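**Q** Provided below are the primary sequence and the corresponding predicted coordinates.
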Amino acid sequence: MNSMKALSVIFIFFLSLVTFSSGDLIEDVCGTSSDFKVCIDALRADPKRCSTDKKGLVRILLQQCSTKANSIYNEVASLLEQAKEHVLIQCLQICKENYDNAIDDATSAIKYFDANDFLAARTSTVAIASAPDTCEETFNEPPVRISPIKSKDDDFMNFIGLTMRDLIEDVCRTSSDFKVCIDALRADPKSSSADKKGLVHILLQQCLAKAKSIYNEIVSLLEQAKEHVLIQCLQVCKENYDSSIDDAETAIKDFDANDFPGAMSAVSDVVSAPDTCEETFNESVKISPIKSKDDDFMNFINLTASLINQFGN
């Protein structure tokens, strides 16, 4: 497990490989990682550390990644030999095929890294994430089966998520709200294997989820409301959020189809729900019971729109 977690530090070093220090090289390398102790333990456990430079230390971690992928593949193969139940066999077969690909991706990552093609190395490492991700999805689909390698898949996905930490930060630095963006993306496990477009897709999915959540809250408030003006205001909010759900779905569809102007237009329509809702309460001089959620939603939509706009330029 330590060797896999240690790989979380790999790509944090890519831009600093030409920098050297007169101090302990391993501590220099691990000092820039996201998990100092795991990094230190992993590198000091490898005898090759004594005769290598900074790039060599990162390569050691990549080798450990390849070893871990092979280990999980072999465990899946062993489980397949023992399995009797048809659905379990199908699930394990899918896992085996995906981990077979993951081994190839790990090999490619090392090859690209050795050639100083760090972007391609990171792309290959991201591709590895499809193995644990697809494996666990297979077990979770009906008929549901308990995954016998869930803890190892989760560790592997966690590693990929940490390796992609820099990409998430890069994306969120260009948004209109860095902290909200970071928190939203890191809360979604799929961000671990997503490229930039995939990260924005995740934000759009969260826009849709938020719109549905606020709509349901408005419906609940309407059922409890007694005062005539409050009912009118909530009814306007309900109608607008109903439309915003359709707009959010359209935005996702257009964005996935690379129709970025269409996605921007649909996202702009989504924001009319919280905007119109709050205007209605202000005109009626009523305190909005969902003001904080409307405000948060508008901010979230705006940060998502700021990222979509980059694809159209």
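**A** Now that the structure is in, tell me what you want to look at. Residues are numbered from 1 along each chain as shown.

**Q** ok, residues contacting stretch 75-88?
**A** Residues outside stretch 75-88 that contact it (CB atoms under 8 Å, 6 or more residues apart in numbering): 89, 92-93, 95-96, 99, 135, 143, 145, 148-149, 152. Quick note: C-beta positions are derived from backbone N, CA and C, even for glycine.

**Q** how about the helices in the stretch 201-313 of the chain?
**A** For the stretch 201-313 of the chain, applying DSSP state H, counting those that start in this stretch gives helices covering 228-256, 260-270, 272-283, 291-311.

**Q** so which of those comes closest to Asp28?
**A** helix 291-311 (34.1 Å; CB to CB).

**Q** low-confidence regions, the stretch 1-150 of the chain specifically.
**A** For the stretch 1-150 of the chain, the stretches with pLDDT under 70 are 1-23, 29-35, 38, 118-119.

**Q** please read the previous query as pertaining to the stretch 201-313 of the chain.
**A** Short version for the stretch 201-313 of the chain, where the test is pLDDT under 70: 312-313.

**Q** between the contacts of stretch 75-88, which sits nearest Ser272?
**A** Cys135 (41.5 Å).

**Q** not counting residues beside it along the chain, what's closest to the residue nearest to the spatial centre of the chain?
**A** For the chain, the residue sitting closest to the mean C-alpha position, by CA atoms, centre = their mean, is Ser191 at 0.9 Å. Leaving aside its chain neighbours, Ser191 sits nearest to Leu185 (4.5 Å; criterion: CB to CB, 6 or more residues apart in numbering).

**Q** tell me who's in contact with the one you found.
**A** Leu185 touches 168, 171-172, 191, 199, 202-203, counting by CB under 8 Å, 6+ apart.

**Q** please produce a markdown table containing the contacts of stretch 75-88, extended by neighbour count, distance to Thr250 and secondary structure.
**A** Converted to a markdown table, the contacts of stretch 75-88 look like this (neighbours: other CB atoms under 10 Å; distance: CB to CB, whole Å; DSSP: H, G, I helix; E, B strand; the rest coil):
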| residue | neighbour count | distance to Thr250 | secondary structure |
| --- | --- | --- | --- |
| Ile89 | 13 | 41 | helix |
| Leu92 | 26 | 39 | helix |
| Gln93 | 14 | 38 | helix |
| Cys95 | 28 | 36 | helix |
| Lys96 | 20 | 39 | helix |
| Tyr99 | 28 | 37 | helix |
| Cys135 | 28 | 33 | helix |
| Pro143 | 7 | 34 | coil |
| Arg145 | 16 | 36 | coil |
| Pro148 | 18 | 41 | coil |
| Ile149 | 20 | 39 | coil |
| Lys152 | 19 | 39 | helix |
